[in-house]
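**Q** next come a sequence and a model predicted from it.
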Amino acid sequence: MFESLQSRLTGVFDKLRGRGALSEADVDAALGEVRTALIEADVALSVVNDFIAKVRPRAIGESVIRSVQPGQQVIKIVHDVLVETLGQENAALNIGSPPAPILMVGLQGSGKTTTSAKLGLLLQTREKKRVLMASLDTTRPAAMEQLRVLGEQAGIATLPIVAGQGPLDIAKRAMASAKVGGYDAVILDTAGRQHVDDQLMAEVAAVKALVNPHETLLVADALTGQDAVNIAKSFNDRLAVTGIILTRVDGDGRGGAALSMRSVTGAPIKFLGAGEKLDALEPFHPARVASRILDMGDVVSLVEKASETLDKEETEKIAAKMKKGQFDMNDLKAQLNQMKKLGGMKGVLGMLPGVGKIKGQLDAAGLDDKILTRQEAIIQSMTKTERTDPDSINGSRRKRIAAGAGVEVSEVNKLLKMHRQMADMMKKMGKGGRMPMMPGMGGGGSPGGLPPGMFPGRR
């Protein structure tokens, strides 16, 4: 998400950084490019005009024009206004007295049912809440069954299906069951439609009046661009939504919907759904998203994700071996698995500062998370002895391993070379030496300082 916007804004601000002083004309020219970039990213025109109107007077002020680094000052101002536009801070869910009803609304195809399960899993794992889910969708075939299956996969209780009941009856039964069962939250997945219509709104409004939800969350598909804003406005006018969840943000490089929705509806974006897995739902932090847009990185989110997804015991075990200068192929395989849990190489690199500037290099290098899967397959094709003693892998063994993994021998060679470089580095660190520069950081290696073996076609 925000890929094209990040690329355009980075180019604009690089020009500003290269100047020792800025005139009013320089600022206006830069803001003209920012305006174009926002419009091309599907940001609503009214939001774009409001954004530029807030930035310009601050950017041409005396403190900027006379500052030592005026370009940096303008970037900070744009960052601050981005945060204001997106919302000053993460808006937490309102889970008051149990059972707290959470009403999920949105159009059909926006990912509402899957998002309901994602939200339920997040509440159970992070917030330690007992959650009950209920499908009120009596129009879409197998909608109730879909939620039941998702509930089983996530370990979340779902309301038993009773044939012939309408949405209001199901909502009543869900709230009664939640009270008896001692649940903290009830997620009500309402029916979607192909477009906004009176029947849909009347049905959802009736459910809302009945259960008086603590949260009314609009699930919107980020891929719908400008139309997502119009949909959000329609739902908000009729239902007064309290928050928005944007889905499929990993499939849209523009991100205009996120920038527009807060301003158009007044409702905060509370979560972003990135991926099909049930744990692929993350809280929306405006300041962190603004930093990502401006290619400042989001190291805080990366650290949080690492602490939640990585196996602490396994990490400490590998760290202890590294201290002793030991690092075999089993350890490398564990590292590859942890990288995949963090969202792969692209997911990790996307949260680091300045990566937007070397995006071309990364693309040219063929950066693809399938590489991790291939490297894992190569290690799995090795015998136990070969994994613990990679030096024993001679030419004939490399051919056998390559055939077993379905790759070229050259890929086996690259992986072994990468392991050797990492093992040498670990030995040096274990002896108390200075941590050496990662392969590729001195030029001639891989972009971003990652070992050359991580990229196909590079030596």
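**A** Arrived safely.
**Q** quick one, grab the pLDDT at the residue nearest the centre of the chain.
**A** Most central residue of the chain, judged by C-alpha distance to the mean C-alpha position with C-alpha atoms, centre = their mean, is residue 274 at 4.9 Å. On pLDDT, residue 274 comes in at 77.
**Q** residue ranges with poor pLDDT in the stretch 251-400 of the chain?
**A** Counting by pLDDT under 70, the stretch 251-400 of the chain shows low-confidence ranges at 251-256, 292, 295-326, 340-369.
**Q** so which residues of it form helices?
**A** Assigned by DSSP state H, counting those that start in this stretch, the stretch 251-400 of the chain shows helices spanning 256-265, 286-293, 299-309, 312-323, 329-341, 344-349, 359-364, 370-380, 384-388, 395-405.
**Q** residues in contact with the last one?
**A** Outside of helix 395-405, the residues within contact range by C-beta atoms under 8 Å, 6 or more residues apart in numbering are 374, 377-378, 380-382, 386, 393, 408-409, 411-413, 416. C-betas here are computed from N, CA, C, even on glycine.
**Q** so where do the strands sit in the stretch 1-150 of the chain?
**A** Counting by DSSP state E, counting those that start in this stretch, the segments of the stretch 1-150 of the chain that form strands are 100-105, 131-135.
**Q** can you spell out the domain ranges of this protein, please?
**A** Domains of the chain are assigned by automatic domain parsing as 3-86, 100-296, 303-454.
**Q** highest average neighbour count across those?
**A** Each of the domains of the chain was scored by mean neighbour count; the highest is domain 100-296, a mean of 20, by mean count of other C-beta atoms under 10 Å.
**Q** now that domain, how far from the chain's geometric center?
**A** Centroid separation between domain 100-296 and its chain, computed with C-alpha atoms, centre = their mean, to the nearest Å, is 17 Å.
**Q** please apply the same query to stretch 327-340.
**A** Computed by C-alpha atoms, centre = their mean, the chain-centroid distance of stretch 327-340 equals 23 Å.
**Q** if we can go back for a sec, surely the residue nearest to the centre of the chain meets residue 282?
**A** Yes: applying C-beta atoms under 8 Å as the test, residue 274 and residue 282 come out as touching, 6.9 Å apart.
**Q** still on that earlier bit, including mean pLDDT, could the strands of the stretch 1-150 of the chain go into a markdown table?
**A** A markdown table is the format used below for the strands of the stretch 1-150 of the chain (pLDDT from 0 to 100):
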| stretch | mean pLDDT |
| --- | --- |
| strand 100-105 | 94 |
| strand 131-135 | 94 |
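**Q** the longest helix seen in the chain to helix 370-380, inter-axis angle?
**A** With DSSP state H applied, the helix covering the greatest number of residues in the chain is identified as helix 409-430. With axes from the mean of the first three to the mean of the last three C-alpha atoms, to 10 degrees defining the directions, helix 409-430 sits at 90 degrees from helix 370-380.
**Q** right, and the domains of the chain - which one's nearest residue 92?
**A** domain 100-296 (7.8 Å; C-beta to C-beta).
**Q** and the helices in the stretch 1-150 of the chain, which stretches?
**A** With DSSP H, counting those that start in this stretch as the criterion, the stretch 1-150 of the chain has helices at 3-17, 24-40, 45-59, 62-65, 70-86, 112-125, 143-154.
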